[in-house]
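> need a 3D model of the sequence below.
(chains A and B)
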Protein chains: 2
Amino acid sequence: MSTRRTYLDHAATSWPKPEQVVQACVDYQTQLGVAAGRGAYRSSERADQIVGDARSAIAALLGEKNPTTISFTSNGTMALHLAIHGFLHELDLRNTHVVTTSTEHNSVLRPLVSLEKQRGLRWTAVPCDSGGNVDIHTLRDAVEPSTRLIIVNHASNVTGAVQDLVAISEISRQACASLLVDAAQSLGLIDIDVHNPHIDMLAAPGHKGLGGMLGTGILYVRSELSPKLHSPWIGGTGHHSDRLVDDFPWSESAESGNLNIPAIASLGEGVRWLRGNHDAEKLRLWTDRLIDAVEREKRLRWIGSKESRGARQPLQRVPVVSCTHADLSCHEMAMLLDTTLGIEARSGFHCAAMIHRYLGTEHGGTLRISLGHTSTDADVDAAIEGIKLLGSC
Amino acid sequence: MSTRRTYLDHAATSWPKPEQVVQACVDYQTQLGVAAGRGAYRSSERADQIVGDARSAIAALLGEKNPTTISFTSNGTMALHLAIHGFLHELDLRNTHVVTTSTEHNSVLRPLVSLEKQRGLRWTAVPCDSGGNVDIHTLRDAVEPSTRLIIVNHASNVTGAVQDLVAISEISRQACASLLVDAAQSLGLIDIDVHNPHIDMLAAPGHKGLGGMLGTGILYVRSELSPKLHSPWIGGTGHHSDRLVDDFPWSESAESGNLNIPAIASLGEGVRWLRGNHDAEKLRLWTDRLIDAVEREKRLRWIGSKESRGARQPLQRVPVVSCTHADLSCHEMAMLLDTTLGIEARSGFHCAAMIHRYLGTEHGGTLRISLGHTSTDADVDAAIEGIKLLGSC
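Residues are numbered from 1 along each chain as shown, chains lettered A, B, ... in the order given. Modelled structure (predicted):
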């Protein structure tokens, strides 16, 4: 049994965190510790400032000047829940259509299934190719006159394929539909400017590419759109405490209850750390090395493709590499990597229920290796050693 | 301007945390770091174990053997949201009545207002006396044949008054209604056994009396009840990843998306710390000292009462003391305490919109001083110094 650890599961949560990310959480908890927005003393104002700074840093990362467009949630799933339910709440869902893709995470697909069952929502999941790339022409054809929302997984957490946001944004504008981007696997790894191309909402966890701690998620909502949204949760806001109504501004109602300030402090630090430490070229080269290593092994099949029909943007990829084995199950591969080499990679369906029928992996999913900002050359070397081991089995 | 800090806002969040609480978070983040329930490697199993241990510790604290009755949320508001929406989702709300009290936090009152507007829910908030005590006879009289749920704030976050759960549980059983207890201010400070008296659901933050970090909340749901509940959020669960349906067991669907494991690790440690460090008698004596100090000042009015009509349990109190001033606003009092003595106390309505009309504080709320497990004699002495200062203004 290996006692060494090589962490290759950044697509689940990034680790290790930069030192200052953990330190920001500790500093908050040991030195300040108070709840935000709820006191009349100076320490609580400093807590508000820390939250505001993190909000501003994330807005700036997205090319947005107004920090109140950013709401904090407890993870990416809750950010998507807030966006989907917030947007669809007031609409007559029997006359509303949503376009999404078969590459989506279950945190998009399951709410849509649920709203279909409960309120008659109509929705279409556009297929993808065997590499997880969505055909832009097919997506355009799926749009109907009643399409009000397009939800797209920017980068697949199964194959790493990145969709063409420029083309999809153009389709959404032409259709007068709003665009919600699930940037769970891309934010912090791929530059995103919500004004170019135009994006109405963007959801992401704070603990993956942004480098913050677990317990954080963010939702961006364009200022012009947020007055039309209705928060699914409501409670203590720390403001207007004497009012029982539920018509608070989005920026207040989207965050109900005590904020997780130690983790938000860590997220702000993660985003600031990113500025000087994000090396896209390094991650691209590492990913290529992993794909090449998989492709050299005859008993492994790389789950991906290097072409994308209909896209006008150069094909991009996040550092996620999936494969299957001629004989071993994905779970067996993951166990073998862990026990023999101490390599931590993930196996299964990766919380994406629809994509596997298009990848030919519907009977067991994939083994997934994923890298992040704090990965090292040694991690990549170990991953390649692991890939060779799997190829020899 | 004082540079000393005396933290007297434990009812918002407890601080300082026991050293091992912060250390558990740091250890998780630096040594393990992985996501729970989502991997096929040994580190992710250790993460599952940490979450399981915290769940078991909380269940044991509540006198419950089955740890799957405990769900983790991001704060107390989300735990109440999960309980209220989870319970009411499948019911015909026009034929459903809820009984609650005027002492509730807005995280109970606002969801009820919202469900009244949207789905026609009928609900009654039972009045309280000028100290925040609910008359048990009035509560019993508010129950109707269609009452399906009774929601009660165990301890008021404004006055510290504790309601008689034995009597209220008996009323709920006689009415065949379920009982949801908001234990935000009591869990960890007052012993609660969910089997004696019978409690169906109990919601609480993890970062107040339980001593965990911000970003944690818990919901207990009795095993027999949970199959009837429907989680308001759904997404990635880490299990059944290839299934699109939304009919997962409550223990999975109530927790959607990545769990905040570093904070859950801290919460587990907080609950274990409590076992040897909870000193109810010390907190009671300190609270009495504060009340006596307020009552000695002619220009201050203590917001509370030492009697409770209809209750059969001896009157209890959590360490929360509110007051008003003959001339100064509550905000002015809090500012004065902070700037002259470095005392951090909270002013305003404390996210409880209804109670103030019964306390006579509807025009500005109260100044609230609150203590916790890690308060010290020096904190209490400083609080009394502050009370004297206010009395002299």
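> OK, contacts around the closest residue to residue A:119 other than its chain neighbours?
Ranked by CB to CB, 6 or more residues apart in numbering or on different chains and with sequence neighbours excluded, the top spatial neighbour of residue A:119 is residue A:93, at 4.1 Å. The way it works is simple: take the backbone N, C-alpha and C, and place the C-beta from them, glycine included. By CB atoms under 8 Å, 6 or more residues apart in numbering or on different chains, the residues touching residue A:93 are A:115, A:119-122.
> list the contacts of the strand or helix carrying residue A:323.
Residue A:323 belongs to strand A:320-325 when assigned by DSSP states H and E. Residues outside strand A:320-325 that contact it (CB under 8 Å, 6+ apart): A:11, A:155-160, A:185, A:287, A:290-291, A:294, A:299-304, A:330, A:332-333, A:359, A:361, A:364, A:366-370, A:387, A:390, A:393.
> inside helices: which ones of those?
A:287, A:290-291, A:294, A:330, A:332-333, A:359, A:387, A:390 (DSSP state H).
> looks like residue A:153 contacts residue A:104 (just checking).
Yes. Using CB atoms under 8 Å, residue A:153 makes contact with residue A:104 at a distance of 4.8 Å.
> I figured residue A:80 hits residue B:234, correct?
No. Look at residue A:80 against residue B:234 with CB under 8 Å: they stay out of range, at 10.3 Å.
> any shared contact partners between these two?
With CB under 8 Å, 6+ apart, residue A:80 and residue B:234 have common neighbours A:107, A:111.
> more neighbours: which of the two?
The residue with more neighbours, out of residue A:80 and residue B:234, is residue A:80; 33 against 25, by other CB atoms under 10 Å in any protein chain shown.
> name the helix or strand for the more buried one, please.
Counting by DSSP H and E, residue A:80 is found in helix A:76-88.
> just checking, what packs against that helix?
Applying 3 or more CB pairs under 8 Å, 6 or more residues apart in numbering or on different chains; DSSP states H and E, we find helix A:76-88 packed against strand A:70-73, helix A:106-119, strand A:147-153, strand A:178-182, strand A:201-205, strand A:217-221.
> residue A:153 and residue A:104 - which one has more neighbours?
Neighbour count, other CB under 10 Å: between residue A:153 and residue A:104, residue A:153 has more, with 29 against 25.
> now do the strands in the stretch 251-393 of chain A.
Taking DSSP state E, counting those that start in this stretch as the criterion, the stretch 251-393 of chain A contains strands spanning A:300-302, A:320-325, A:343-344, A:346-348, A:366-370.
> can you list those in JSON lines and add mean pLDDT and mean neighbour count?
JSON lines is the format used below for the strands of the stretch 251-393 of chain A (pLDDT from 0 to 100; neighbours: other CB atoms under 10 Å in any protein chain shown):
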{"stretch": "strand A:300-302", "mean pLDDT": "98", "mean neighbour count": "21"}
{"stretch": "strand A:320-325", "mean pLDDT": "98", "mean neighbour count": "26"}
{"stretch": "strand A:343-344", "mean pLDDT": "97", "mean neighbour count": "26"}
{"stretch": "strand A:346-348", "mean pLDDT": "95", "mean neighbour count": "25"}
{"stretch": "strand A:366-370", "mean pLDDT": "98", "mean neighbour count": "29"}
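> want to throw the ones you listed into a markdown table with distance to residue B:265?
Formatted as a markdown table, these follow (distance: least, CB to CB, whole Å):
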| stretch | distance to residue B:265 |
| --- | --- |
| strand A:300-302 | 36 |
| strand A:320-325 | 27 |
| strand A:343-344 | 18 |
| strand A:346-348 | 21 |
| strand A:366-370 | 23 |
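> nearest to residue B:241, out of those strands?
strand A:346-348 (5.7 Å; CB to CB).
> off-centre distance for that closest one?
Counting by CA atoms, centre = their mean, to the nearest Å, strand A:346-348 is centred 17 Å from the centre of its parent chain.
> for stretch A:111-122, same thing?
How far stretch A:111-122 lies from its chain's middle: 22 Å, per CA atoms, centre = their mean.
> just the CA trace of that stretch, in PDB.
In PDB, the C-alpha atoms belonging to stretch A:111-122 read as follows (Å, rounded to 0.1, in the frame of the first residue of the first chain):
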ATOM      1  CA  PRO A 111     -33.600  20.800 -11.100                       C
ATOM      2  CA  LEU A 112     -34.900  20.800 -14.700                       C
ATOM      3  CA  VAL A 113     -36.300  17.300 -14.300                       C
ATOM      4  CA  SER A 114     -37.900  18.400 -11.000                       C
ATOM      5  CA  LEU A 115     -39.500  21.600 -12.500                       C
ATOM      6  CA  GLU A 116     -40.700  19.500 -15.500                       C
ATOM      7  CA  LYS A 117     -42.500  17.100 -13.100                       C
ATOM      8  CA  GLN A 118     -43.800  19.800 -10.800                       C
ATOM      9  CA  ARG A 119     -44.700  22.700 -13.000                       C
ATOM     10  CA  GLY A 120     -44.600  21.400 -16.500                       C
ATOM     11  CA  LEU A 121     -41.400  23.000 -17.700                       C
ATOM     12  CA  ARG A 122     -40.300  22.100 -21.200                       C
END
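> report the buried residues of that stretch.
Buried residues in stretch A:111-122, counted by 16 or more other CB atoms under 10 Å in any protein chain shown: A:111-115, A:121-122.
> what about the longest helix along chain A, near chain B?
Criterion DSSP H: the longest helix present in chain A is helix A:42-61. Yes. Using CB under 8 Å from any CB of the partner chain, helix A:42-61 reaches chain B at A:42-44.
> which elements pack onto that helix?
strand A:70-73, strand A:217-221, helix A:261-277.
> my read: residue A:147 touches residue A:175, true?
Yes. Using CB under 8 Å, residue A:147 makes contact with residue A:175 at a distance of 5.5 Å.
> chain B contacts on the stretch 1-150 of chain A?
Counting by CB under 8 Å from any CB, the stretch 1-150 of chain A sits next to chain B at A:5, A:7, A:9, A:12-13, A:15-17, A:22, A:25-26, A:29-30, A:33-35, A:38-44, A:73-78, A:80-81, A:105-107, A:109-111, A:113-114, A:117.
> actually, the stretch 251-393 of chain A.
Applying CB under 8 Å from any CB, we find that the stretch 251-393 of chain A lies next to chain B at A:256-263, A:330-331, A:334-335, A:337-339, A:343-354, A:356, A:362, A:365.
> swap the cut-off to 7 Å and go again
A:256-258, A:260-263, A:331, A:334-335, A:338, A:344, A:346-351, A:353, A:356 (CB under 7 Å from any CB of the partner chain).
> just the buried residues from those residues, in ChimeraX please.
For the buried members of those, the matching ChimeraX selection, counting by 16+ other CB under 10 Å, is:
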select /A:256,257,258,260,261,262,263,334,335,338,344,346,347,348,349,350,351,353,356
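> how is chain A divided into domains?
Following automatic domain parsing, one finds the domains of chain A at A:6-18+A:278-391, A:19-275.
> closest one to residue B:130 among these?
domain A:19-275 (17.6 Å).
> most neighbours, which of the ones in helices among the contacts of strand A:320-325?
Within the ones in helices among the contacts of strand A:320-325, residue A:387 tops the neighbour count with 29 neighbours, counted by other CB under 10 Å.
> find the nearest non-adjacent residue to it, please.
residue A:293 (4.5 Å).
> next: residue A:311.
Excluding the flanking residues, the one nearest residue A:311 by CB to CB, 6+ apart is residue A:164, at 3.9 Å.
> wait, isn't that neighbour in contact with residue A:312?
Yes. Taking contacts as CB atoms under 7 Å, residue A:164 lies within contact range of residue A:312: 6.2 Å.
> which of these two has more neighbours?
When residue A:164 and residue A:312 are compared for neighbours, residue A:164 comes out ahead with 24 against 10, by other CB under 10 Å.
> roughly how far does the more buried one sit from residue A:192?
Shown here: residue A:164 relative to residue A:192, a distance of 13 Å by CB to CB, to the nearest Å.
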